[in-house]
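Visitor: Sequence first, then the predicted structure, then my questions.
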Amino acid sequence: MARLAIALLAATASGAFGYGFWQRRRRHLETRNVGEVRERAQELQAEVGKLIARVEALHRDSLTGLLTRDQWESEVAALLAGGQARAILWIDLDRFKDVNSSFGHLAGNAVLAEIGKRLRTRDDGSLAGRFGGDEFVIALPYEPAAAELDQISEQLRTPITITTPLDPTPKTVNPTASIGVALWSSAAPPGVPFLLDLADRAMREAKKTGGCVTMTHGA
């Protein structure tokens, strides 16, 4: 009987040890699997973030960071449909070719990049884009008063300091811009092409006066 009792006790202890071992082993595997799943989820999240950034980059001008023409027009059409755009501005820098001819195209690019930054970082809910060269556009969510248009023009006129690799001596450029503004009073606004044509016409009339002028046309 004693031997049988000892054998049973040994078997029980062995079974308990084995059960405890497999329980610990199972918890270890579960913990490792959870860690692996979490790590993989983080990797996938990072990959998705990179893909989103690449897609967004396709819709932005590489020099200024502003929206491309197609993307700007698409987003402005949605804003107009929702009643969230109240004015369109077409901006053309005055005598920009003089910057390129005097200081070189790298200097000109630096000026464009700075203008793009100024438009991109406005905190009035505006949506800015670059149409190519030295032409920019802004959609405003409000109908601007004369003082607000002056503020935009003044922001663009702030001097810009530039350097180039072959000429590190700082140079100062004093940009000005001719600005055309398209406004409308109807509850149902005209389409984007019509408003752009209106703003462009106003800008060209401002340019004819010698530049650094803002003109407004209404629809």
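Guide: That came in fine, so what should we check first?

Visitor: Can you give me every residue that contacts Leu112?
Guide: 63-64, 130, 134 (CB atoms under 8 Å, 6 or more residues apart in numbering). Where you see a C-beta, it was placed from the backbone N, CA and C, and this is true even at glycine.

Visitor: again, only using 7 Å
Guide: 63-64, 134 (CB atoms under 7 Å, 6 or more residues apart in numbering).

Visitor: count of neighbours near Asp123?
Guide: 5 (other CB atoms under 10 Å).

Visitor: pLDDT weak spots in the chain?
Guide: 1-22, 34-35, 37, 41, 44, 46-57 (pLDDT under 70).

Visitor: how about a cut-off of 80?
Guide: 1-58, 187 (pLDDT under 80).

Visitor: before we move on, back to that, filter the contacts of Leu112 down to the buried ones, PyMOL style.
Guide: Typed into PyMOL, the line below selects the buried ones among the contacts of Leu112, using 16 or more other CB atoms under 10 Å:
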select buried, resi 64+134
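
Visitor: So which of the contacts of Leu112 is the closest to Ile115?
Guide: Thr64 (7.1 Å; CB to CB).

Visitor: isn't there a helix covering the closest one?
Guide: No: under the criterion used here (DSSP: H, G, I helix; E, B strand; the rest coil), Thr64 is coil, not part of a helix.
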